[in-house]
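Q: okay, sequence plus prediction incoming.
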Amino acid sequence: MARETVAHRDGHVYEFGPEMEPVYEADDGEAVTITTIDSLNGAIQRDDDLLEEIPEEVNAATGPIAVAGASPGDVLAVEIEAVRVAEDRGRVVTAPGFGLLRDDPDIEHPATRITEVEGDDHADGAGDRIDFEGIDVPIEPVIGTIGVATDGETISTLSPDDHGGNLDTTDVTAGTTVYFPVFQEGAMLAMGDAKAAMADGEMCGTGAEIAVEVDATLSVIDDPAVPLDRPLLDTGDAVKTVASAETLEEAVELANRDMLGLLAHHHGFSRTEAYLFSSLVGGLEISQVVDPQVTARNAVPGEYLSVPF
């Protein structure tokens, strides 16, 4: 059976909220292809195209996609099978008042570098690297913004929270399954803001922003054995809790608290034992430090933990 393609032109959002109208309804377990535009809506095509300010509409997320049978309290599993770059260039930029070193007088704000896609090693004919000032950087696509309808508040696609959103997490790529808590009927999945390459932290505020095609299978998990409050990742090698908050300290605390629940369930640990064990394996990782809230994750290798769904 051919995959249905849900394209940016079919519908996209700049906010996640409690009431979202789907552009497509997927069956439980359906495999779909989702196409996205770059986070800056195609406005940056040359080095002299500058981002003078962060636009009001940024990080267009294709969707929402309603998933049949998804109800509040369920978990939505998004198995990412492939992420393909879909244009011949990315763009990495700075903007005034944005980024980790936004007040550094020696760094230009705004600044742009176009990162041309090069090579043809991929089976689909797409390039396998981007060029930054003559340096080859491997293409390792990341979906920056991915989430579901919120529990109540309306939140910009520029910001992450418990629903997902602008997580800017390098693990959200091919081979990873992302689990989301379902807050509204249908879940209402949307995604965009992809990068051809991005470092943990996303220090300047962007990766190599680029349009992509995503192949994913969407499945509903009802009556989960462990309640899910925030996104959870299974990379195949590790299980990672993901949390966003106003400060990095608050984000890592939430991620660690969520991990304790998983460890206690998997091993039969007390909460104290889970806390002690969390200091022995895996560790804390930074996703991004530049958005309205920062995002961190707590990773535990798969040999010590599996997802409880």
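A: That came through fine.
Q: ranges for the helices of the stretch 201-309 of the chain?
A: Listed in chain order, the helices found in the stretch 201-309 of the chain under DSSP state H, counting those that start in this stretch are 248-267, 271-278.
Q: buried set for the first one?
A: Of all the residues in helix 248-267, those buried under the rule 16 or more other Cβ atoms under 10 Å are 251-264, 266. Just so you know, the C-beta spots here come from the backbone N, C-alpha and C atoms, and that holds for glycine as well.
Q: between it and helix 271-278, how many degrees?
A: 110 degrees (axes from the mean of the first three to the mean of the last three Cα atoms, to 10 degrees).
Q: contacting residues around helix 248-267?
A: Helix 248-267 is contacted from outside by 225-226, 229-230, 232, 239, 241-245, 269-271, 273-275, 277-278, 284, 286, 289, 293-298, 300, 304-308, using Cβ atoms under 8 Å, 6 or more residues apart in numbering.
Q: who's in contact with the residue sitting furthest away from the middle of the chain?
A: Centroid-distance maximum for the chain: residue 270 at 31.5 Å, with Cα atoms, centre = their mean. Residue 270 makes contact with residue 264, according to Cβ under 8 Å, 6+ apart.
Q: try residue 198
A: 142, 144, 168, 170, 207-208.
Q: any idea how far residue 127 lies from residue 34?
A: The spacing between residue 127 and residue 34, counted by Cβ to Cβ, to the nearest Å, is 21 Å.
Q: between these two, which one's more packed in?
A: Neighbour totals were compared for residue 127 and residue 34, and residue 34 leads with 31 against 18 (other Cβ atoms under 10 Å).
Q: that one and residue 78 touch, don't they?
A: No - applying Cβ atoms under 8 Å as the test, residue 34 and residue 78 come out as separate, 9.9 Å apart.
Q: apart from its neighbours in sequence, what residue is nearest residue 63?
A: Among residues not flanking residue 63 along the chain, residue 190 sits closest, at 3.2 Å (Cβ to Cβ, 6 or more residues apart in numbering).
Q: tell me the SS of that neighbour?
A: Judged by DSSP: H, G, I helix; E, B strand; the rest coil, the three-state class of residue 190 is strand.
Q: distance of it from residue 61?
A: Taking Cβ to Cβ, one finds residue 190 at 4 Å from residue 61.
Q: who touches both of these two?
A: 12-13, 16, 145-147, 157.
Q: can you give me the strands in the stretch 201-309 of the chain?
A: Applying DSSP state E, counting those that start in this stretch to the stretch 201-309 of the chain gives strands spanning 212-221, 232-234, 238-245, 283-288, 294-301.
Q: just want the angle from the third one to helix 248-267.
A: Okay, so that is strand 238-245. 140 degrees.
Q: could we number from 5 for the rest of this?
A: Sure thing, new numbering starts at 5, so read that last one as strand 242-249.
Q: which strands and helices sit next to strand 242-249?
A: When contacts are defined as 3 or more Cβ pairs under 8 Å, 6 or more residues apart in numbering; DSSP states H and E, strand 242-249 packs onto strand 236-238, helix 252-271, strand 298-305.
Q: reformat the ones you listed as JSON lines; add distance to residue 111 and mean pLDDT.
A: Listed next are those as JSON lines, based on distance: least, Cβ to Cβ, whole Å; pLDDT from 0 to 100:
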{"stretch": "strand 236-238", "distance to residue 111": "32", "mean pLDDT": "99"}
{"stretch": "helix 252-271", "distance to residue 111": "21", "mean pLDDT": "98"}
{"stretch": "strand 298-305", "distance to residue 111": "20", "mean pLDDT": "98"}
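Q: for residue 190, find the nearest of those.
A: Checking those against residue 190 by Cβ to Cβ gives strand 236-238 as the closest, at 19.8 Å.
Q: each with direction, which strands does the closest one pair with?
A: Taking DSSP bridges as the criterion, strand 236-238 forms sheet pairs with strand 181-185 (antiparallel), strand 242-249 (antiparallel).
Q: most tightly packed of those strands?
A: Highest mean neighbour count of the strands paired with strand 236-238: strand 242-249, a mean of 25 (counted as mean count of other Cβ atoms under 10 Å).
Q: which other residues reach that strand?
A: 163-166, 169, 171, 173, 175, 234-238, 255-260, 262-263, 266, 286, 289, 291, 295, 297-306, 309-311.
Q: if you count neighbours, what's buried in stretch 233-244?
A: Result for stretch 233-244 [16+ other Cβ under 10 Å]: buried residues 234-239, 242-244.
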